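Colleague: What follows is a protein structure lacking sequence information:
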């Protein structure tokens, strides 16, 4: 590599001295202010993960409250209004504050390590995205605790959420929470795409990228194309309610179905935004514990890409009962069934890998096997509701509730828990308890199926979704009681996971650098990684570099040790191109997030907030991007 001779480069020092200098250069400043200024992707990734799991626990607690209410007929545990709030908060928390953010959280932490770079692209934007996610979640939950939480469902259908039928600020809180979380998600997606395309280690060609990184790359493009739709929908709803626009008012030329089209154009890709990262986690875990590379690497990648493309052609199957032309319904039926093909190809590749490998049945692999079982069941019911006649019968019944929980929990939560057990040693340097892990798995698998399988039957015998109670003569009590009991068992499994994490953080066995003998670059550095990730950037010569170069990885030298630098490489072949300065820690992303939060919250109460909120945001952005005047910037 070319380097300025005036700079001290990493090839001028021995290993210990180099590690010391780099750690001092890349570490997060000490103290509270230093923590608020951090731009280290690992620090922000850990915050994202912990915050997302905190929202999971909150959303799960609401689910238990709903199951208590529905465990028997004519219960009065929750009032109708409180049930509507809890129902809305549960769905909104799980979809917008847990499922998507937690997948991006793992990507923020792992993708730079997996591609062999020292930080994520746009690290200050990464910090800003976390603060926006945190403030948006706090805004929603503080509103709920003040009894102004949304009560119009996590989908906020109009005209129910219009000013005419809901004159309170509850729908506005929901709609603006969407803006917070989608800004955060879009920011992370941009960072992931640029990191994967331009910051890969030399030699990591496109056909050597780890499958989890491929999954997050596809997911990031889905986010960038799908989420503007829901931001347009929610902003239009706020404008209808605040300044009397008429986007959804049929008497003034608007239409309520516009909301459904905008919402579900986002909402069905959202399912795959949650599911595709889970498949990437499955591929990583499966290859490691099968003791061989995943069979059909190109097939898996093409399946991920095909799933991403096809996911944009499914949204209308949520609207089969809205009076669509039959030709349109037939088209979306076909596309809804077609998307099962790439998912099925991935499952066959995973099963072939297990069959041909030498599986080691540790807790992460158990959750992967549980995922395959549960997701296949959810996929079968998905093919059923893709059919117009069947969907017409079970639409808005508990059959659909069972289906999407099988798909989302089976397709995302089971792989996610497996990922927690798999990468916990990398993040903390300690192992989770295998005994508690097996209890966690079996209680989760049994509790989940006992909770949600009876809902299929409840739906088929006519129980509608979104109801807070039912009468004794409907003969739904026994199955609801079983379902509520399963939900309690499922909740206990998460309590065991939490206890395992807390115990292992203090007393867990030391993990070592690569406790699973895995093959990808995140395990090529210490556990937990140092602030700079790698003392010298590795050179990749194989799809499984740690299995191929099992003695020592070749490295590239020439980066400065006087300022933070990352290596930029070409898109296809990952050939070294240039060195790029990586931003220093800064408090401006936090200040920008605070001013943006004030702007967003104020704008649901008065349109003048747009006028008065813009100057503070402009000042914060000027401070963020104000040139430092250093020699490196001038060059």
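Modeller: Structure received. Computed from a prediction, not measured in an experiment: that's the story for all the values here. Residues are numbered from 1 along each chain as shown.
Colleague: Just confirm residue 394 contacts residue 387, I think it does.
Modeller: No. The pair residue 394 and residue 387 fails to qualify as a contact (CB atoms under 8 Å) at a distance of 10.1 Å. (Glycine included, C-beta is placed from N, CA and C.)
Colleague: Off-centre distance for the biggest helix by length in the chain?
Modeller: Ordering each helix of the chain by length in residues (DSSP state H) puts helix 256-290 first. Helix 256-290 sits 9 Å away from the centroid of its parent chain (CA atoms, centre = their mean, to the nearest Å).
Colleague: Give me the buried stretch members for it, please.
Modeller: 256, 259-290 (16 or more other CB atoms under 10 Å).
Colleague: try stretch 564-575
Modeller: Quick answer for stretch 564-575 (16+ other CB under 10 Å): 564-569, 574.
Colleague: Let me know the closest of the residues you listed to residue 616.
Modeller: residue 564 (28.9 Å; CB to CB).
Colleague: That closest one and residue 36, how far apart?
Modeller: Counting by CB to CB, to the nearest Å, the separation of residue 564 from residue 36 is 19 Å.
Colleague: Report the residue spans of the chain with pLDDT below the cut-off.
Modeller: Within the chain, the stretches with pLDDT under 70 are 1-7, 10, 12, 550, 629-635.
Colleague: Strands along that one, start to end?
Modeller: Taking DSSP state E to define them, one finds strands in the chain at 537-538, 555-556, 565-569, 576-581.
Colleague: Need the contact partners of the second one.
Modeller: Outside strand 555-556, the residues within contact range by CB atoms under 8 Å, 6 or more residues apart in numbering are 1, 201-202, 534, 536-539, 567, 576.
Colleague: Mind checking which of those are buried?
Modeller: 201-202, 534, 536-539, 567, 576.
Colleague: Just list the residues touching the closest residue to residue 94 other than its chain neighbours, thanks.
Modeller: Spatial nearest neighbour of residue 94, chain neighbours left out: residue 59 (4.6 Å); criterion: CB to CB, 6 or more residues apart in numbering. Residue 59 makes contact with 89-90, 93-94, 97-98 under the criterion CB under 8 Å, 6+ apart.
Colleague: how about a cut-off of 7 Å?
Modeller: The contact partners of residue 59, taken as CB atoms under 7 Å, 6 or more residues apart in numbering, are 90, 93-94, 98.
Colleague: try residue 53
Modeller: Contacts of residue 53 by CB under 7 Å, 6+ apart are residue 102.
Colleague: Residue 292 versus that one, what's the distance?
Modeller: 32 Å.
Colleague: just to revisit the earlier point, which among the contacts of residue 59 count as buried?
Modeller: Counted by 16+ other CB under 10 Å, those give 90, 93-94, 98 as buried.
Colleague: Out of those, which comes closest to residue 340?
Modeller: For those, the nearest to residue 340 is residue 94 (23.8 Å; CB to CB).
Colleague: What is the burial count for the residue nearest to residue 266 when sequence neighbours are not counted?
Modeller: Nearest residue to residue 266, sequence neighbours excluded (CB to CB, 6+ apart): residue 230, at 3.9 Å. Neighbour count of residue 230, defined by other CB atoms under 10 Å: 23.
Colleague: so residue 624 sits right up against residue 583, yeah?
Modeller: No. Using CB atoms under 7 Å, residue 624 makes no contact with residue 583, being 9.7 Å away.
Colleague: re earlier: can you put the strands of the chain in JSON lines and add distance to residue 214?
Modeller: Formatted as JSON lines, those follow (distance: least, CB to CB, whole Å):
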{"stretch": "strand 537-538", "distance to residue 214": "19"}
{"stretch": "strand 555-556", "distance to residue 214": "23"}
{"stretch": "strand 565-569", "distance to residue 214": "17"}
{"stretch": "strand 576-581", "distance to residue 214": "22"}
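Colleague: and of those, who's closest to residue 592?
Modeller: With CB to CB, the closest approach to residue 592 among these belongs to strand 576-581: 20.4 Å.
Colleague: could you say what helices and strands that closest one packs with?
Modeller: strand 565-569 (3 or more CB pairs under 7 Å, 6 or more residues apart in numbering; DSSP states H and E).
Colleague: what about the nearest residue to residue 152 once chain neighbours are set aside, distance to residue 175?
Modeller: Computed as CB to CB, 6+ apart, the closest residue to residue 152 that is not its neighbour in sequence is residue 161, at 4.2 Å. Distance of residue 161 to residue 175, computed by CB to CB: 8 Å.
Colleague: Next up, the contacts around residue 387.
Modeller: residue 333 are the contacts of residue 387 under CB under 7 Å, 6+ apart.
Colleague: That one and residue 381, how far apart?
Modeller: 11 Å.
Colleague: same check, this time on residue 123
Modeller: Using CB to CB, we find residue 123 at a distance of 42 Å from residue 381.
Colleague: between those two, who's got more neighbours?
Modeller: Using other CB under 10 Å as the criterion, residue 123 and residue 381 rank with residue 123 on top: 24 against 20.
Colleague: didn't that one look like it was pressed against residue 582?
Modeller: Yes. Using CB under 7 Å, residue 123 is in contact with residue 582, at 6.5 Å.
Colleague: quick one on the thing from earlier: any residues in contact with both of residue 161 and residue 175?
Modeller: Contacts common to residue 161 and residue 175, judged by CB under 7 Å, 6+ apart, are residue 237.
Colleague: circling back: what number of residues lie near the residue nearest to residue 152?
Modeller: Close neighbours of residue 161, defined as other CB under 10 Å, add up to 26.
Colleague: which residues touch it?
Modeller: For residue 161, the contact set (CB under 7 Å, 6+ apart) comprises 152, 171, 237.
Colleague: and what of residue 533?
Modeller: Taking CB under 7 Å, 6+ apart as the contact definition, residue 533 lies against 112-113, 118, 525.
Colleague: so which of those residues comes closest to residue 598?
Modeller: residue 112 (31.5 Å).
Colleague: Next one: the closest one from residue 201, what distance?
Modeller: On the measure of CB to CB, residue 112 and residue 201 end up 10 Å apart.
Colleague: related to what we said a few turns ago, okay, the contacts of strand 555-556 in a markdown table with distance to residue 485 next?
Modeller: Output for these, formatted as a markdown table (distance: CB to CB, whole Å):
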| residue | distance to residue 485 |
| --- | --- |
| 1 | 62 |
| 201 | 50 |
| 202 | 55 |
| 534 | 49 |
| 536 | 55 |
| 537 | 53 |
| 538 | 51 |
| 539 | 55 |
| 567 | 55 |
| 576 | 59 |
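Colleague: returning to that earlier point: which members of the buried ones among the contacts of residue 59 are positioned in helices?
Modeller: Those of those lying in helices (DSSP H): residue 90.
Colleague: Alright, that wraps it up for me.
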